[in-house]
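K.L.:
Here's a sequence, model it:
(2 chains)
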Amino acid sequence: MPVAPPKAFFRVLDEIGPVDAVGIEERVAKYTTRSIKKEAKVWGLRKAVSMVDLTTLEGKDTPGKIDSLCSKALHPSDDPTVPTVAAVCVYPSMVRRAKSHVADTKVRVASVATAFPSGQLPLKLRLQEVRSAVTDGADEIDMVINRGAFLSGEYNEVRDEISAVVEACGDAALKVILEVSELETYDSIRVASFLAMESIREGDFIKTSTGKTSLNATLGNNQVMLEAIRDFYLDTGTAIGMKPAGGIRAAKQALQFLIAIKETLGDAWLTNERYRFGASALLNDLLRQLAKEKSGAYQAPYYFSDATDSY
Amino acid sequence: MPRLPITKTPKVYVGGAFIRSESARTFPLRDARGAFYANIPQCTRKDLRNAVEAAAKAGPGWARRTAYNRGQILYRLAEMLEARRAEMAEALGVGGIGRAAAVREVSAAVDRLIYYAGWADKYEQVLGNVNPVAAPFFNFTVTEPMGIVGIVAPDPAPLLGLISLVAPVITSGNTTVALASEKAPYPAIVLGEMLATSDLPGGVVNLLTGFRKELVPTFATHTHLRAVSAVASADERKAIQLGAADSVKRTRLLKAEERIDWFSADAQHLYAIRDFVEFKTTWHPIGS
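P.N.:
Residues are numbered from 1 along each chain as shown, chains lettered A, B, ... in the order given. Model (predicted):
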C-alpha cells in the first residue's frame, strides 16, 4: 500500500514543480511513432553503441567472463566503422581484471559500489568500497541512493551521503542510481533527481535503476529525469548526464531513447559523456540491426551473442 | 427487424495472435464472380521478420515436447478442421473451387494431418539408427529439428498444398512461417482460427498473406530461417537458391509450372519429414 509522502517531500516539490504524469505519458508515446530509417538509423545505432555501458552484474561472473566482455567492448564488430562502447560496468572485485584489458583505450571501467543493489550497509563500509574500486582503477562509480532515508523524508541524510561518495570518488565520475521502481511516482523521481543533482558535479550522471528489480528504465522515467536535468541546467548552468539502465534490450528502444534526448535536451546531450545505456543484451541487437542495414538481409540473433538459445 | 450484415475482418495468425499487417496495408479479395469479398492483410518484410521472431520464441518449447504429444496436437488440429469442414469448404469456394471439389480438398487436408500425426512418434525409429562400428562404442544417429522453416504455399489447392508443406515440418519440432496462396488466401485466414483452438502453441505455425513478389526475396535472405520449402516459379526458385546460398539454408523447391497432384498418396511421405531434420551422431562407450 502506498504510504503518504513526508512533509519535506511537498516542500521540495513546491520549489521544483510537480510532474504532469499524463502529459509525460502522452509525450513519450509520441517518441515511439517517429520513423527513423536508412542513414539516420545507422547514425543512431552507431551512436547508441558508443553510449553503451556494457554490463555484467551477476553472482556467477568469472574473470573469464570479464575478459570476453572487455574484448567485446573493445571490438564490438568486425566492421571498423562501429565505435567501441563507452564503458564496461562490473562489480568492484572485477575492476582490476577489467582495467587490465581496457587501460589506455577509450573504453572506461565503471564499477557499481555502495553495497549495490540494496545499499544496505553502514556508510563507512560503502565509502570504503568506493575508494577501493577507485584505487583498483575504476573510472566511474555507480552508487545507489539510500532509498530508506529518501522515502522517510531524511533528505539531508541522502544529500550528505551522496556528497561523501563524491568525495570518495576523487577524479572518478559518479552515477547516482535512484532505483525508480522503489520511488513509485514520477513526482518522487523528480524530487530524487534534484536531490542527487544538487550534490554531484558537472559530468556526473543520474541513473534510473539497478536492473535488479521488476520495473526498470522506461521512456516515462527517462523523460521525467531528462526534464529534471534540463530544469536544473537552466537554473544552475551545471550539465548533468543521464543513464537509463535495465530493460533496454532492443535497438528500436534505444533509438526511441535517443529521440527523447534529442527532443528534450538537444544535441549537446547526444554524446557518451552525457548519456549512457546500462545494458548487456542491447549491444547484440544494435550490432544485429547494423548488420541488417549493411547487408540488407535480416540477421539471426545467434550470430551476435554467445549466450542465446540456438533455435 | 432488419439486421446489419456483420462481416469478418480477415486477420493473419502470427505468434498465437490475430494481427493486421504492421503496414496497415490490405488488398481486396474478389470472389469467383468478381465481387468484392474482403480486404486481406498485405503483409510486409517486417511482418515476416516479426513472424520469425515469434517462431523463434516458440521453437525451443515445441521441440522439447515429446514426440507423442506433438502427434496428439496434430491430431487435435485435424479434429478442429473436421468439425468445421463446411466453413472451410466455403472459404475454398471464395477462390472459385466448386462445392464438391472443396469438400474433397478439406477431407484430404484432414487426412494429411492425421497421416503426419501418426508419424510424429515413429519417424525417429525409421530415420534414426544404431550404426555398426569397429570399436567398443554404441554409435547412434538421431534426428533434431532444424529450427525455423519458411514455407511458400502454392495457388492451386490453397488449403491442401499449404497443409502438405506445413505438417511434415512441424511434426519433427520445427516452427514455421508460411506465406499463403496469393490468389486464394482466404482458407489460410480460416485455418489460422482453427490453429488457435488446436492446442498448437502460439508461434509454431505463423501464417502470412500478401504478395509473393514482396515476400519471397526476404524468405530467401533471412538468415534466421534455416530452410525454405516452396512451390515456386523459375524466377522465384533462382532468387531463393541465391539467397539460401548466401545464408546457408536448406531448400526444398517444387516447380509451380508443373502440375502437382496434392491428393495423391505420393504427396505425403516420410521424406518430407526427413528433409527438415538434422542428423546427429553420438558415440557412447560400451561398459564391460
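K.L.:
all strands for the stretch 51-200 of chain A, in order.
P.N.:
A:52-55, A:87-90, A:108-112, A:140-144, A:173-177 (DSSP state E, counting those that start in this stretch).
K.L.:
Of those, which is nearest residue A:118?
P.N.:
Proximity to residue A:118 (CB to CB) singles out strand A:140-144 among the strands of the stretch 51-200 of chain A, at 7.3 Å. (Each C-beta comes from the backbone N, C-alpha and C, glycine too.)
K.L.:
Direction included, what does that closest one pair against?
P.N.:
Here strand A:140-144 is paired, per DSSP bridges, with strand A:108-112 (parallel), strand A:173-177 (parallel).
K.L.:
Return the most buried member of these.
P.N.:
Most buried of these by mean neighbour count (mean count of other CB atoms under 10 Å in any protein chain shown) is strand A:108-112; its value is a mean of 27.
K.L.:
Let's see that one as CSV, backbone CA atoms only.
P.N.:
Only the C-alpha atoms of strand A:108-112 are listed here, as CSV (Å, rounded to 0.1, in the frame of the first residue of the first chain):
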residue,chain,number,x,y,z
ARG,A,108,36.3,3.2,-19.4
VAL,A,109,35.8,0.9,-16.4
ALA,A,110,32.6,1.6,-14.4
SER,A,111,32.1,-0.2,-11.1
VAL,A,112,29.0,-0.4,-9.0
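K.L.:
picking up where we left off before, output the strands paired with strand A:140-144 as TSV; include the columns distance to residue A:68.
P.N.:
Below are these laid out as TSV (distance: least, CB to CB, whole Å):
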stretch	distance to residue A:68
strand A:108-112	15
strand A:173-177	24
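K.L.:
Now do the contacts for residue B:79.
P.N.:
Residue B:79 makes contact with residue B:198, according to CB atoms under 8 Å, 6 or more residues apart in numbering or on different chains.
K.L.:
Number of residues surrounding residue 279?
P.N.:
Using chain A. Here the count is done by other CB atoms under 10 Å in any protein chain shown, and residue A:279 has 29 residues near it.
K.L.:
Chain B was what I was after
P.N.:
Using other CB under 10 Å, the number of residues around residue B:279 comes to 12.
K.L.:
beta partners for it?
P.N.:
In this entry, residue B:279 is beta-bridged to residue B:143, by DSSP bridges.
K.L.:
Let me know the pLDDT of residue 112.
P.N.:
The chain I'm using is chain A. Per-residue confidence (pLDDT) for residue A:112: 96.
K.L.:
please go with chain B instead
P.N.:
On the pLDDT scale, residue B:112 gets 98.
K.L.:
I'd assumed it was in a helix, is it?
P.N.:
Yes: applying DSSP: H, G, I helix; E, B strand; the rest coil, one finds residue B:112 inside a helix.
K.L.:
how deep is it tucked in, by neighbour count?
P.N.:
As a burial measure, residue B:112 scores 24 neighbours (other CB under 10 Å).
K.L.:
so what's the backbone phi/psi at the spatially most central residue of chain A?
P.N.:
Relative to the mean C-alpha position of chain A, the nearest C-alpha, by CA atoms, centre = their mean, is the one of residue A:243, at 2.6 Å. Main-chain dihedrals, residue A:243, degrees, to the nearest 10: phi -140, psi 100.
K.L.:
Look up how far chain A lies from residue B:248.
P.N.:
Plainly put, residue B:248 is 11 Å away from chain A if you go by CB to the nearest CB, to the nearest Å.
K.L.:
pLDDT wise, what is that residue at?
P.N.:
94.
K.L.:
One more: residue B:27?
P.N.:
For residue B:27, the model assigns a pLDDT of 96.
K.L.:
So residue B:23: helix, strand or coil?
P.N.:
coil.
K.L.:
Check the offset of stretch A:213-233 from the chain's centre.
P.N.:
Here the centre of stretch A:213-233 is set off from its chain's centre by 10 Å, with CA atoms, centre = their mean, to the nearest Å.
K.L.:
Could I have the CA atoms of that stretch written out in PDB?
P.N.:
C-alpha atoms of stretch A:213-233 as PDB (Å, rounded to 0.1, in the frame of the first residue of the first chain):
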ATOM      1  CA  THR A 213      14.100  -5.000  -9.700                       C
ATOM      2  CA  SER A 214      11.000  -5.800 -11.800                       C
ATOM      3  CA  LEU A 215      10.500  -2.300 -13.200                       C
ATOM      4  CA  ASN A 216      13.500  -0.700 -14.900                       C
ATOM      5  CA  ALA A 217      14.200   2.100 -17.300                       C
ATOM      6  CA  THR A 218      11.100   3.200 -19.300                       C
ATOM      7  CA  LEU A 219      10.600   6.100 -21.600                       C
ATOM      8  CA  GLY A 220       8.400   7.700 -18.900                       C
ATOM      9  CA  ASN A 221      11.000   7.600 -16.200                       C
ATOM     10  CA  ASN A 222      13.700   8.700 -18.600                       C
ATOM     11  CA  GLN A 223      11.600  11.600 -19.700                       C
ATOM     12  CA  VAL A 224      11.000  12.800 -16.100                       C
ATOM     13  CA  MET A 225      14.700  12.600 -15.400                       C
ATOM     14  CA  LEU A 226      15.700  14.300 -18.600                       C
ATOM     15  CA  GLU A 227      13.300  17.200 -17.800                       C
ATOM     16  CA  ALA A 228      14.800  17.400 -14.300                       C
ATOM     17  CA  ILE A 229      18.200  17.600 -15.900                       C
ATOM     18  CA  ARG A 230      17.000  20.300 -18.300                       C
ATOM     19  CA  ASP A 231      15.400  22.400 -15.500                       C
ATOM     20  CA  PHE A 232      18.500  22.000 -13.300                       C
ATOM     21  CA  TYR A 233      20.700  23.100 -16.200                       C
END
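K.L.:
Neighbours of the closest residue to residue A:226 other than its chain neighbours, how many?
P.N.:
Ranked by CB to CB, 6 or more residues apart in numbering or on different chains and with sequence neighbours excluded, the top spatial neighbour of residue A:226 is residue A:264, at 4.4 Å. When neighbours are defined as other CB under 10 Å, residue A:264 has 18 of them.
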